[in-house]
Each structure stands twice: as structure tokens, then as C-alpha cells.
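Enquirer: Give me the fold of what follows.
(4 chains)
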Protein chains: 2
Amino acid sequence: MPTVLDVAKRAGVAPITVSRVINNSGYISLATRERVEAAVKELGYVPNTIARGLRSKRTHTLALVVTDITNPYFTSMARGVEDVAGECNYTVIYCNTDESEAKEEKYANMLAQRQVDGVLLVPSCGNENTIKFLRSNDIDVVVLDRHISGVETDIVCTDSKNAANYLIKLLIGLGHKRIAIITGQKEVSTSVDRVTGYQQALAEAGLSDNELVFYGAFNEQSGYELTKQVMMHSPKPTAIFGANNFIAIGIIKALRDLNIDVPADVSVVGFDDLPEYMFIKPFLTVAKQPAYEMGRLAADLLLKRISGELSEEYQEIVLPIEIIERESSAPNKNG
Amino acid sequence: MPTVLDVAKRAGVAPITVSRVINNSGYISLATRERVEAAVKELGYVPNTIARGLRSKRTHTLALVVTDITNPYFTSMARGVEDVAGECNYTVIYCNTDESEAKEEKYANMLAQRQVDGVLLVPSCGNENTIKFLRSNDIDVVVLDRHISGVETDIVCTDSKNAANYLIKLLIGLGHKRIAIITGQKEVSTSVDRVTGYQQALAEAGLSDNELVFYGAFNEQSGYELTKQVMMHSPKPTAIFGANNFIAIGIIKALRDLNIDVPADVSVVGFDDLPEYMFIKPFLTVAKQPAYEMGRLAADLLLKRISGELSEEYQEIVLPIEIIERESSAPNKNG
DNA sequence: ATGAAAGCGCTAACAT
DNA sequence: ATGTTAGCGCTTTCAT
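Expert: Coordinates of the predicted model:
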């Protein structure tokens, strides 16, 4: 693969001149520029960002650290990040922490090694170590979604407390008096904020004695299990607030398994919307491809290919498709 | 920030020895190893992957190029890729092409510049240029989901034709005779494969005369519009096959807008499942955060911070939350 | 408007 | 088991 030197020789100039043409920096005569550009084309030269980064201390790379890209909330966020980054010729590395402090640390370390220019961080835990560590490695950080204590930082978020307050008032307005909240980890700001909003709404309605707060984790399983606990409470709540989308799903499933009707028996409200298209009825009959498994196998294959441990022959891996019949397909009665 | 040299001095060894300790390569006495490790810790040394990559020609970086990370099918795939990569200390850059050949080319270029070790590619178009270009830059490629013509390659995919064939047979088994297929671009292999499976199933049932094939794009809008066209056909089809999840959603919405009942009037089957949690009833009342916008604003803020064009003060951007009332919250009738 | 020299931080290749 | 030397490809710095 050609380097600046090759291009320089071809164009009869010094390497630095090639650099100047490519980066549009400094003064270059039109004639020189044209000769250099011609040489670049002829040789199919592609500048090496790695080498550039080593010298210039800018890698033109960002990282997005979320808890789980699979949560549609973070998926949308990721797409937003990538769109802007792409427009600016930045590249985005993404990482899933699964709310684990250990994974967050591991990734922070990887990102520092990689000299990314900046990190967009949804903090998995309440503490400021990651931010401090990244900063100590000259990496800018913008926090997303959750507040962090113990350190000042750029942050983009919403007003969870207020929204939670509003949701609870909505339930109170519907006549509910025993309202439970099922939320995430105590250490996460959004978890706490949503509880605070909940408590304030109850207090304002003189219902503070009815507080029913359940901390857990921001996933479906936790929502499911805590709902079963909640419903053993006596008297039972008539409404439940799930503090994120996955918890709300867990709630709905648990209530269904308990034969409790929503909303006739218990009202449910949630936080974070699910993609609009999930609200379509009827349920689709589909051919389901094993997307996650495909991703895993492909990455595995690629890594093996890279390490050279594969024979020359190209491989084709074909995975089975599962057919799932649901209500959208029914016997024909229309001729 | 400390370098190998600093660590080497501190430990009283040569830089290469530090390198050997860090990479677990070559023979190192226990005593030396311990001294080096101590020095690493004391200085808070973090190896520079960029410099390493420049020398060793391995960046430990993969790229995942999909059409749209927002499609849950690709989201799951991405998570699978990242899990494996993370376990191997590889990092993943991801890119959305939106089925655009131009974007694919642009990203291929960016990735070559960045010297990624390998690319996982869902080809946006049928042609082999991207693969050839990447290979000419010493980058390994594994193709995902779609076949490509004109070049041999590693590939991970499913048997679309067969699954499509099965779905159509299922409809035929339900008594449907006029079945339409709404699919994606003619240039995309999965699009063609699914049509082929459809055609074969019809042929086997002696229904070839009833073929109703509509090519468009793999998105909701295309599914929506083509459905309106399909339903102007006379006699109307009694079943429609949507060749991916977004198309199927478009179909369902169009039929709803046309006051056509699914499945009483028209059966619908799709390709690619939607996340399981999408099939819960009732519809949740939620507080919806503007995730995409948050991502965009945060990336923007970070890039500005990196470029130094921001004042010293940290910024806090708080976005509004939208409350969406649906059926899951109802008046209390349970005391 | 162009170039020469140096060096970013690391590791491959070759000693010892 | 450890060290020396050189150089990856680029851009900064300082000339001219």
C-alpha cells in the first residue's frame, strides 16, 4: 500500500507537500496541488489515520458507552450519535456495559489505549471514576441520560423527576391511591429521580403513607420479579409505575402470568417509549432470522480470518430460520 | 501521559522489556516482570494502541457496516458482534449505510484510512466494489445477511429462499390463492431470494398465474405505499408477504388505513421478527425521552468540546419529555 | 510556496 | 533473559 512518500516521489515533491494537499493546510500552488492529486489517484493512495493520529494526537474517533444497545432507547441514541459523527468524518466505537461497573472500567481502559478523542457515556454506576480516568488521559467526556455525582461534566439528559411526577399525577387523577413504583438500581440517578418525582406527586396529593418503592435493576427480569413481590402486598396497589421500558415489560408479563388484567385490575405506566411500530396489531406471523447469533458467528469468523488461522477457502455459514405463526395469518374466507 | 520509555526508566530496563511484559511475549524473569508491573501501576501507564497499530499493523478494531442499526434485526446482530469482539479485546466501529451505495463507499474509505483489521459487511447494493476495495487495502471482510455477486467471500446468512417458500406454502395451506409479495430493492440478494421462494411455492401449487411481485425498498414507507398499490389490484389478494420487518409494518399500517381487517380480510406474513417484547398488550402509557435527539446533541457537544470551541464551563442540556397516554392506564375501579 | 529534519510511541529484527 | 537499533507513516517545527 502506497504511502505519502510514494505519492511524493510520483509527484516530484516532498512528503510534507502531499500532506498539505490532503489536509488543505498551508499554501499550495494550483499546479502542485494538481500534480499531487493526480499521483494520489494513480496510486490509489489512502491516508493512514493511525499514523496521522500518532503524530497529531487526534484520532477522529468517538466512543459511545451505553448499558445495552439492544434497548431501543439506546439504539435510537446510537443512531443519532453516528449520524452526527459520520457527517463530521468521525467514527464511533460502541460498547455495552450491561450496567456493570467492571465492564465500564474495562472499556474505559480500552478506549484510553485507543486514544479516542471523546467518549459519550451513559454511566453504569453512580461514581465518577470513569470520567476522571478518561479525563486524566486527555479524553473529553459528555455524559448522557444520567447524572453523576462528585464531578462537573457536560451532560445531555431529560428531566426524569418531573416526568415521573407527571405520570403519577396522571394516575392519581384517574383515582388511583395505591401506586407502586418499580425502578432500577439505587446508585443510578435516573432511578432515584424517578422515585423522587413519584414521592413528590404522592406527597402533593396527601398520599405519602401509601409509598411503595421497589428498587431492582433496569431490566425485564427485575421488573417481572418485583411485580410478583408487589402484588403480594396487602392491600394490593391499583397502579404500577415501571421506571424504564424493560421494567414495564416485565410488569406487564408478570401481571399477565398472575391473571391480573391491565388496565381493568391494575393500571401500568412506563418510562421510555418502545418503538412506535411495536404497537401494531395483529401479531405478525414471521420467518425469524437468528440475528444475534449471526452477529456472533460472523465476528468470530472474521477474527479467525484476521489471525490467519483459517484455511484459504472462504466459508459460508447458513443458519436456520424459525417460522413463528401468530394471529396475522388465518384461513382464507374471501375466495 | 507516560510512555514505555518512562516506565522503562522507572523500572530500570529497556523499553522493549516493558513491551514484552505488557504483551506477555518473550521470556521475562519474575523479578523484572514485577518491577515493570509496579512501574506501570505507579505511573498509571496505559499502552497506546495507535502507536502499537502503526508498528504492528494490527489495530484490534473491527467495523460493522449495516443498513440501519435502528432495525431490531441489525441491533441484535450488532450486539452479537460486540460481545464477541469485546471478549477478544477488539473494538467495534459501526456504520449505517441506509442502503446507499454512496454512503457505503464513504465508510469503506474511512475504514481503510483507519486500518481496521476486518469489516463485517451487510452490502447495501449488489456490487462487489466495496469488498474489492477493502481487500486491496489488506482488510478482511465477512459478508452478513446478503449474497454478493462477482466475488468469493466469507459469509454468514440464512436460507431466505427456503423460508419464504415455507411461509407461502403456509398461506397456501390456509386456502390462499392470491398472494402478493412486497419486497426490497431488486439489487439486493435477499430481496430476490425471497421472491424466488415465493415463486417456487406458487409454482408448486400451480398458482404461477397469480404472481404479484412488488419491488421497492426495505423500509416502512415503501411497504406502506406498495400495499396501497397492491390493494388496487383486481381481484384483490387475500394475503400479503412482507419481505422484511419494516415492510410488514408498513403493510399492516396501510391495511389499517384502508379499513381492511387483518387477518379477517387479508392475511399478512413477514420476514425478520420484531423483538419479543413488542408483542405485549395492552399498549403502555409512557414518558417518552427523545433518544435520537439526545444522541445527536451529545455527539455535537462532544465534537465541539474536542475542537476546543467551547468555553470552559460545562454545559447541561435538558430535553423535554413527551407523555403518551395509551390503554394501559385507566380509571381506578378497585378502591 | 515548498522542503528538511525530527519524532509521535511502539515493536520487529537482530544482537548478546 | 534482556538490550540496541531502526522504522511504521505521518505531521510538527523550523528553515528557506
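Enquirer: what number of residues lie near the residue in the stretch 51-200 of chain A that DNA strand C sits nearest to?
Expert: Nearest residue of the stretch 51-200 of chain A to DNA strand C (CB to the nearest atom of the strand) works out as A:Arg55 at 3.6 Å. Quick note: C-beta positions are derived from backbone N, CA and C, even for glycine. The tally of other residues near A:Arg55 (other CB atoms under 10 Å in any protein chain shown) stands at 10.
Enquirer: Go through the helix or strand encompassing it and flag the buried ones.
Expert: Following DSSP states H and E, one finds A:Arg55 within helix A:49-56. For helix A:49-56, burial by neighbour count (16 or more other CB atoms under 10 Å in any protein chain shown) applies to A:Thr49, A:Ile50, A:Ala51, A:Arg52, A:Gly53, A:Leu54.
Enquirer: can you give me the mean pLDDT across it?
Expert: On average, the pLDDT along helix A:49-56 is 88.
Enquirer: Adjacent strands (with direction) for the helix or strand just after it?
Expert: Using DSSP H and E, the helix or strand that follows helix A:49-56 towards the C-terminus is strand A:61-66. As defined by DSSP bridges, the strand partners of strand A:61-66 come to strand A:91-96 (parallel), strand A:118-121 (parallel).
Enquirer: can you give me how far strand A:61-66 is from the chain middle?
Expert: Distance of strand A:61-66 from the chain centroid (CA atoms, centre = their mean, to the nearest Å) equals 9 Å.
Enquirer: Pipe the buried residues of helix A:49-56 into TSV and attach distance to B:Lys228 per row.
Expert: Below are the buried residues of helix A:49-56 laid out as TSV (distance: CB to CB, whole Å):
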residue	distance to B:Lys228
A:Thr49	47
A:Ile50	51
A:Ala51	54
A:Arg52	51
A:Gly53	51
A:Leu54	56
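Enquirer: Could you identify the most distant pair in those residues?
Expert: A:Thr49 and A:Leu54 (9.7 Å; CB to CB).
Enquirer: now that we're looking at the most centrally placed residue in chain A, which residues does it contact?
Expert: Most central in chain A under CA atoms, centre = their mean is A:Phe74, positioned 3.2 Å from the mean C-alpha point. By CB atoms under 8 Å, 6 or more residues apart in numbering or on different chains, the contact list for A:Phe74 reads A:Val66, A:Thr67, A:Asp68, A:Val122, B:Ala291.
Enquirer: Next, the contact list for A:Val4, please.
Expert: Contacts for A:Val4 were tallied using CB under 8 Å, 6+ apart; they are A:Pro15, A:Val18, A:Ser19, A:Tyr45, A:Pro47.
Enquirer: re earlier: elements contacting the helix holding A:Arg55?
Expert: Applying 3 or more CB pairs under 8 Å, 6 or more residues apart in numbering or on different chains; DSSP states H and E, one finds that helix A:49-56 makes contact with helix B:49-56.
Enquirer: Contacts for the helix it packs on next, please.
Expert: For helix B:49-56, contacts defined as CB under 8 Å, 6+ apart pick out A:48, A:50-51, A:53-54, A:59, A:113-115, B:58-60, B:115.
Enquirer: contacting residues for A:Ile182?
Expert: The contact partners of A:Ile182, by CB under 8 Å, 6+ apart, come to A:214, A:216, A:222-223, A:226-227, A:230, A:240-243, A:247, A:250-251.
Enquirer: Pull the most distant pair out of those residues.
Expert: Longest span within these, CB to CB: A:Ser222 and A:Phe241, 14.3 Å.
Enquirer: which of the strands paired with strand A:61-66 sits most buried?
Expert: With neighbours defined as mean count of other CB atoms under 10 Å in any protein chain shown, these peak in mean count at strand A:118-121, which reaches a mean of 28.
Enquirer: what are the bridge partners for A:Val213, then?
Expert: A:Ile181.
Enquirer: just checking, it touches A:Lys186?
Expert: No: in this structure, A:Val213 is not within contact of A:Lys186 by CB atoms under 8 Å, at 10.0 Å.
Enquirer: Any residue of the helix or strand containing A:Glu225 touching chain B?
Expert: Assigned by DSSP H and E, A:Glu225 belongs to helix A:220-230. Yes: using CB under 8 Å from any CB of the partner chain, helix A:220-230 reaches chain B at A:Glu220.
Enquirer: which is the next helix or strand following that helix?
Expert: Heading C-terminal from helix A:220-230, the first helix or strand you meet, by DSSP H and E, is strand A:239-242.
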